[in-house]
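Asker: can't give you the sequence, but here's the structure:
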């Protein structure tokens, strides 16, 4: 068999393999987008984060933590606003460590937990539906805090 014929015979399976790989890469990319979207949907609820992370301090008020459901403890914090409270809970505030001491808690989950706790004390906050909403809220809070600190 001539050398050119061998090359064609070898080239056909290689092209087929590359096409299959290309399709697989496209499918992996599509699957990654689906996984990313489902991760957002699977963010722990505010109640779950409260029970696993926040309750240690907020159930009893240890370290000056506002007690869960106590309208007086939470009134001033609720007045500060949802975004600022989420921002401060992520960064840490007073004796509270960043993310309540659990670095695995996402920004979305912190927003869920803050809404859950504040709502139990009289707020009517709706947790963000996407990570983009959380990031927008955090950017706005950072601006508000920097303006406020500039006034001091």
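Answerer: Noted; the coordinates are in hand. Remember, predicted model here, so these are calculated numbers, not experimental data.
Asker: quick one: least confident helix or strand in the chain?
Answerer: helix 3-41 (a mean of 54; mean pLDDT, DSSP states H and E).
Asker: please name the residues that touch residue 74.
Answerer: 66, 117, 118, 121, 122, 123 (C-beta atoms under 8 Å, 6 or more residues apart in numbering). Every residue, glycine included, has its C-beta placed from N, CA and C.
Asker: grab the nearest non-local neighbour of it.
Answerer: Residue nearest to residue 74 in three dimensions, not counting chain neighbours: residue 121, with 3.5 Å by C-beta to C-beta, 6 or more residues apart in numbering.
Asker: and the one you found, its phi and psi?
Answerer: Backbone geometry at residue 121, expressed as degrees, to the nearest 10, gives phi -110, psi 10.
Asker: residue 94 and residue 64 touch, don't they?
Answerer: Yes: Residue 94 is within contact range of residue 64, at 6.3 Å (criterion: C-beta atoms under 8 Å).
Asker: what are the structural domain limits within the protein?
Answerer: Using automatic domain parsing, the domain parsing of the chain gives 1-42, 44-151.
Asker: of these, which stretch is the most buried?
Answerer: Among the domains of the chain, judged by mean count of other C-beta atoms under 10 Å, the one packed with the most neighbours on average is domain 44-151 (a mean of 17).
Asker: hang on, isn't the residue nearest to residue 74 packed against residue 76?
Answerer: No: contact criterion C-beta under 8 Å: residue 121 and residue 76 do not qualify, at 10.8 Å.
Asker: just give me how far stretch 128-148 sits from the chain centre.
Answerer: 13 Å (C-alpha atoms, centre = their mean, to the nearest Å).
Asker: mind checking the pLDDT average for it?
Answerer: On average, the pLDDT along stretch 128-148 is 95.
Asker: and the contacts of that stretch?
Answerer: 40, 81, 82, 83, 84, 86, 87, 90, 106, 107, 108, 111.
Asker: circling back to that earlier point, what about the residue nearest to residue 74, distance to residue 59?
Answerer: From residue 121 across to residue 59, the span is 13 Å (C-beta to C-beta, to the nearest Å).
Asker: and for residue 65?
Answerer: For residue 65 relative to residue 59 (C-beta to C-beta), the value is 9 Å.
Asker: hmm, residue 127 is touching residue 115, no?
Answerer: Yes: counting by C-beta under 8 Å, residue 115 is a contact partner of residue 127 at 4.4 Å.
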